[in-house]
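Undergrad: I'd like to go over a predicted model; first the sequence, then the structure.
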Amino acid sequence: MRTLRHGNLWFLLLALLIQSGWFIVSGLTYLSLYRLLSVDTTLQKLSLLSAASNFVSTVAPSAGMSGIAVFFTDANRNGQSPGKITVISVLYVFLDYIAFLFVLTLGLIVLFRRNDLDPGEIGASIVIFVIAAILGSLLYLGSRSADAFGNALAWMARLVNRVAWPFIHRDYLSEARAHEFAHEMAADLKSLPEKPRSLINPILLAFANKALMMCILAVSFMSFEVPFSIETIIGGFAISYLFLIVSPTPSGIGIVEGVMPLALSSLSVQWSQAVVITFAYRAVTFWFPLGVGAWALRRLHM
């Protein structure tokens, strides 16, 4: 209650403004990738699609695939290549992971220096590094050989089918379609090494995306007059976002709310203050975008 009495509404409004800027940066990231593959669209539409994708991924979780379906629906309406949209979506996720891995490395260093690095955080970090490595390997493979890329996707399809067969008694994914899709994507992936400078802008925007989220966390501290350091912001954000990604619940619902206060308290923030800051941060970065995403989905008539 003492922490809440020190609350400053203006700082929370500033956090909401920064989160609104995050929607624009996300749209700009997609716009730079769309232009990279010569797909014509607008910033306004991509910002709405990004918000709607975030909403769908939360309310209909399926390992992120439901969110990508929003972009596929828009592509079908406009006669755009599904292969190009897949490449764009995978690139967006990969660049997002690269930016986060940089922040995560700094966060792990902070925790290591404070002798607060536990096996759970190390294990979750390894999972993120493995996922990023797999995505990077697939992108590289697709840029080198369509056949090899198709074989890799077909192998992944077989693996999914074996896991799903006891439950649905049929193939969930088509290996033939995996080869076709790989050839559609490979043509665009092969063009990327020819224009590496074009990736600079989306990479910088991916880092800006994470910087804005850390700014929201800093403003959450300021809104309740809780002192903090840059190390506290980096370490707290890195661990909370890490468990948001590896959480079995959509967008880390229930998991982040439990892990983040622990992470902040381990960084010398009082427990009661850490809990209030966590709820304020999640209200701005999860519940507010969820509402905006629902509105965006209706605005796009999907």
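TA: Arrived safely, thanks for sending.
Undergrad: mind checking pLDDT for M156?
TA: pLDDT recorded at M156 is 80.
Undergrad: apart from its chain neighbours, what residue comes closest to it?
TA: Excluding the flanking residues, the one nearest M156 by C-beta to C-beta, 6 or more residues apart in numbering is A178, at 7.5 Å. C-beta coordinates here come from the backbone N, C-alpha and C atoms, glycine included.
Undergrad: can you count the residues close to L12?
TA: L12: 18 surrounding residues under other C-beta atoms under 10 Å.
Undergrad: that one against F221, yeah?
TA: No. In this structure L12 lies outside contact range of F221 using C-beta atoms under 8 Å: 11.7 Å.
Undergrad: and stretch 273-281, which residues are buried?
TA: 273-278, 280-281 (16 or more other C-beta atoms under 10 Å).
Undergrad: related to what we said a few turns ago, tell me which residues touch the residue nearest to M156, please.
TA: 150, 153-154, 156-157 (C-beta atoms under 8 Å, 6 or more residues apart in numbering).
Undergrad: now do the closest residue in space to L212 that isn't next to it in sequence against P289, distance only.
TA: Using C-beta to C-beta, 6+ apart and skipping residues adjacent in sequence, the residue nearest L212 is W22, 4.8 Å away. Going from W22 to P289 by C-beta to C-beta, to the nearest Å gives 8 Å.
Undergrad: kindly report the same for V256.
TA: Distance from V256 to P289, by C-beta to C-beta: 14 Å.
Undergrad: how about a markdown table for the buried residues of stretch 273-281, with distance to L43, pLDDT and secondary structure added?
TA: As requested, the buried residues of stretch 273-281 are exported to a markdown table (distance: C-beta to C-beta, whole Å; pLDDT from 0 to 100; DSSP: H, G, I helix; E, B strand; the rest coil):
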| residue | distance to L43 | pLDDT | secondary structure |
| --- | --- | --- | --- |
| Q273 | 38 | 91 | helix |
| A274 | 37 | 93 | helix |
| V275 | 37 | 92 | helix |
| V276 | 35 | 92 | helix |
| I277 | 32 | 93 | helix |
| T278 | 32 | 94 | helix |
| A280 | 29 | 92 | helix |
| Y281 | 27 | 95 | helix |
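Undergrad: buried residues in the one helix or strand the residue nearest to L212 maps to?
TA: Per DSSP states H and E, W22 falls inside helix 9-36. Going by neighbour count (16+ other C-beta under 10 Å), the buried part of helix 9-36 is 11-12, 14-15, 18-19, 22-23, 25-34, 36.
Undergrad: and for stretch 289-302?
TA: Using 16+ other C-beta under 10 Å as the burial criterion, the residues of stretch 289-302 that qualify are 289-290, 292-294, 296-297, 300.
Undergrad: can you tell me which residues contact T41?
TA: Neighbouring residues of T41 by C-beta under 8 Å, 6+ apart: 31, 34, 78.
Undergrad: if we can go back for a sec, reformat the buried residues of stretch 273-281 as JSON lines; add distance to I88.
TA: Output for those, formatted as JSON lines (distance: C-beta to C-beta, whole Å):
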{"residue": "Q273", "distance to I88": "41"}
{"residue": "A274", "distance to I88": "38"}
{"residue": "V275", "distance to I88": "39"}
{"residue": "V276", "distance to I88": "39"}
{"residue": "I277", "distance to I88": "35"}
{"residue": "T278", "distance to I88": "33"}
{"residue": "A280", "distance to I88": "33"}
{"residue": "Y281", "distance to I88": "29"}
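Undergrad: tell me the one among the residues you listed nearest to S66.
TA: Among the buried residues of stretch 273-281, Y281 lies closest to S66 (C-beta to C-beta), at 24.8 Å.
Undergrad: neighbours of the nearest residue to the closest one once chain neighbours are set aside, how many?
TA: Distances taken as C-beta to C-beta, 6+ apart place S220 nearest to Y281, at 4.6 Å, with adjacent residues excluded. Counted with other C-beta under 10 Å, residues neighbouring S220 total 26.
Undergrad: what do you get for L43?
TA: Neighbours of L43 (other C-beta under 10 Å): 13.
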